[in-house]
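one predicted model, sequence on top.
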Amino acid sequence: MAGPHNLALLLKANPFFAGLGDDAIEAVAVLCVSRHLDPGETLFLKGDPGDALYAVRRGQIRIATGSSSGRRLTLNLLGPGDVFGEVALLDGRPRTADAVAVEPTELYTVLRRDFFDLLERRPSVAIRIIELLCERIRWMSEQMEERALLPLETRLAHRLVALSEDYGCELHVSQEELAVFVGASRESVNRQLQDWRRRGWVELSRNRIRVLHPSYLYRSHESDGDLAARDPV
C-alpha cells in the first residue's frame with residue numbers, strides 16, 4: 001500500500017513522531033486515508049473540531065487567521081513533507097486557525113478515532129506519546145524564551161532563512177505576516193528589511209520577498225550587534 005508507506009516516511013522525518021520507533025510509526029501509517037484539495041479549497045476552519053492529523057504529500061497549505069482589523073494573517077505555510085494537527089489528534093479541541101489549499105494539494109489523513117483505537121491496543125505507544133508531548137512543551141518554552149530575549153534581527157533572519165529553505169528564495173509573504181511570525185510590529189520588520197535591501201541581501205516587492213544571500217542573513221546578528229541594539233523589538 002503506497003499511501004501508508006509514504007506516510008510512514010513523512011512521520012519518521014517529523015520531530016514529534018520520529019521518537020515513536022519504526023513499529024509504532026508503521027502502525028499509525030496504516031490508518032491513513034488520502035485526500036485531495038483544489039486551489040482555494042478549505043481543509044478546516046477556526047473552531048472546527050480537531051479530529052485528524054494531516055501530512056502534505058504534494059502542494060501547499062496556508063494556515064491563517066483573521067486580525068482585529070479584518071485582514072487575513074498567514075501564520076504558517078506548509079509544503080510537502082510537513083505534518084500538522086498532531087496536537088488536535090490527541091486533545092480533539094477546536095482548531096485555532098483556518099487551513100486552505102494554496103494550490104492542488106494531496107494529503108495523508110489519520111482520523112482521531114482510529115488513532116485512539118490504536119492507543120487502546122498498544123499502551124506502549126500511548127506512553128511514548130506522553131514523553132513526546134513533554135518534549136514538545138520544553139521546545140515551546142525555548143521558543144517563548146527566544147521571542148522574549150533575542151533581538152528582532154535574529155528572529156527575522158531565522159524565519160526568512162527557514163522559509164527560503166522550505167519554499168525557495170522567492171517568498172510570497174507580506175511584511176505584516178512576517179511581523180506575526182516573529183512577534184514584532186510591521187514597522188520594525190520593514191526597517192530591518194529595508195536595511196537588508198540596501199545591503200543587497202534581499203529584494204522587496206508587494207507581498208513578496210526574495211532572499212538573495214541567506215548565509216549573510218543568518219550570520220548578520222553575529223557580526224552586526226549595533227543593529228540589534230538599535231531595533232530590539
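Cool, got the structure. Everything numeric in this text was worked out from a predicted model, so none of it was measured. Residues are numbered from 1 along each chain as shown.

Glu103 reaches Arg62, doesn't it?
No: with contacts defined as C-beta atoms under 8 Å, Glu103 does not count as touching Arg62, sitting 9.9 Å away. C-beta: built from backbone N, CA, C; applies to glycine.

between those two, which one's more packed in?
For Glu103 versus Arg62, neighbours defined as other C-beta atoms under 10 Å are more numerous around Arg62 (21 against 14).

the more buried one bridge partners, please.
Beta bridges link Arg62 to Leu77, Val100, judged by DSSP bridges.

and it, what's its pLDDT?
Reading off the per-residue confidence, Arg62 sits at a pLDDT of 91.

hang on, it packs against Ala99?
Yes: counting by C-beta under 8 Å, a contact exists between Arg62 and Ala99, whose distance comes to 7.3 Å.

and the strands in this protein?
Taking DSSP state E as the criterion, the chain contains strands spanning 33-37, 42-44, 52-58, 61-66, 72-78, 83-84, 98-101, 105-111, 170-171, 202-205, 208-211.

tell me which residues of the fourth one are tucked away?
It refers to strand 61-66. Neighbour-count burial for strand 61-66, counted by 16 or more other C-beta atoms under 10 Å, picks out 61-64.

give me the neighbour count for the residue nearest to Arg199 when sequence neighbours are not counted.
Across the structure, with C-beta to C-beta, 6 or more residues apart in numbering as the measure, the residue nearest Arg199 apart from its sequence neighbours is Tyr216 (7.5 Å). Tyr216 sits with 16 neighbouring residues when counted by other C-beta under 10 Å.

check Cys134 too.
Look at Cys134: counted by other C-beta under 10 Å, it has 10 neighbours.

then Asn207?
12.

doesn't Thr74 make contact with Glu177?
Yes: in this structure, Glu177 is within contact of Thr74 by C-beta under 8 Å, at 4.4 Å.

of these two, who's got more company?
Relative neighbour count places Glu177 above the other of Glu177 and Thr74, with 22 against 19, counting by other C-beta under 10 Å.

any idea how far His213 is from the more buried one?
For Glu177, the distance to His213 equals 22 Å [C-beta to C-beta, to the nearest Å].

next: Glu165.
Taken as C-beta to C-beta, the spacing of Glu165 relative to His213 amounts to 14 Å.

ok, these two, which is more surrounded?
Taking Glu165 and His213 together and counting by other C-beta under 10 Å, His213 has the greater number of neighbours (15 against 11).

show me the contacts for the more buried one.
Residues in contact with His213, defined by C-beta atoms under 8 Å, 6 or more residues apart in numbering, are 200-201.

with Leu7 instead?
For Leu7, the contact set (C-beta under 8 Å, 6+ apart) comprises 28-29, 32, 55, 108, 110.
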